[in-house]
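> build me a model from this:
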Amino acid sequence: FVLQSVISDWFHVRHHADTAVLGRILFGANLLAGLSSLMAAPLALRIGLLRTMVFTHLPSSIFLLLVPLMPNLQLAVLMLLLRFTISQMDVPTRSSYSVAVCHPTERTTAVGIINIMRMLAASISPLVAGSVLSRFSNTDVHWYVAGCLMIIYDVMLLWNFHSVKPPEEREQEVHVTPDADTLPRPVASSK
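Numbers count the residues shown, from 1 in each chain. From the prediction side, this is the model:
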């Protein structure tokens, strides 16, 4: 729903942004999206793959909902850029999570199915967005639909997979959670 063409159109209609401004906005958004993808790995090592997917994508969706609520161009751009600072962290972690929880013989198929579904959604999205935008005079509706759908997706993802941990995360939990028998014992003083 929130395609770059729709973003450009919305900023032009709502805030009268010219093409030079639109180019700078989209350049900044795409640059931040690329950087956010790079930051996913260190975060996933700390909090886990699924949590990284959800805990970055959920606030990103909230920033998306806030864009049309902003009273001026500067604040709307700020919300959009904040969204893109964390919006792509779920992409590498989703791939990693999907591969990690699958049997080795099913990994290629799983990634292929995920990519087909993403491409299908990407190809249907302009058709649906165009239809929705043509039926509503409120040009903000696509922001709300997209944000709400993404929030529902994040909540459902966490709800359905919170107990499905990749083997590496299960092993890490075993090593990180000490019990009384594995804690180091104080050395007795010689005095």
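> the nearest residue to I86 once chain neighbours are set aside: neighbouring residues, count only.
Counting by CB to CB, 6 or more residues apart in numbering, the nearest residue to I86 once its immediate chain neighbours are dropped is T56, at 4.4 Å. Heads up, the C-betas are built off the backbone N, CA and C, glycines and all. When neighbours are counted by other CB atoms under 10 Å, T56 registers 24.
> same thing with A40?
Using other CB under 10 Å, A40 has 22 neighbouring residues.
> can you give me the offset of the strand or helix carrying it from its chain's centre?
Assigned by DSSP states H and E, A40 falls within helix 19-47. Distance of helix 19-47 from the chain centroid (CA atoms, centre = their mean, to the nearest Å) equals 11 Å.
> which residues sit against the one helix or strand the residue nearest to I86 maps to?
Counting by DSSP H and E, the element that carries T56 is helix 49-66. With CB atoms under 8 Å, 6 or more residues apart in numbering as the test, helix 49-66 has contacts from 2, 36, 40, 43-44, 47, 79-80, 82-84, 86-87, 89-90, 93-94, 96-97, 100, 143-144, 146-148, 150-151, 153-155, 157-158, 161-162, 164-166, 169.
> these in helices, which ones?
Using DSSP state H, the subset of the contacts of helix 49-66 located in helices is 36, 40, 43-44, 47, 79-80, 82-84, 86, 90, 93-94, 96-97, 100, 143-144, 146-148, 150-151, 153-155, 157-158, 161, 169.
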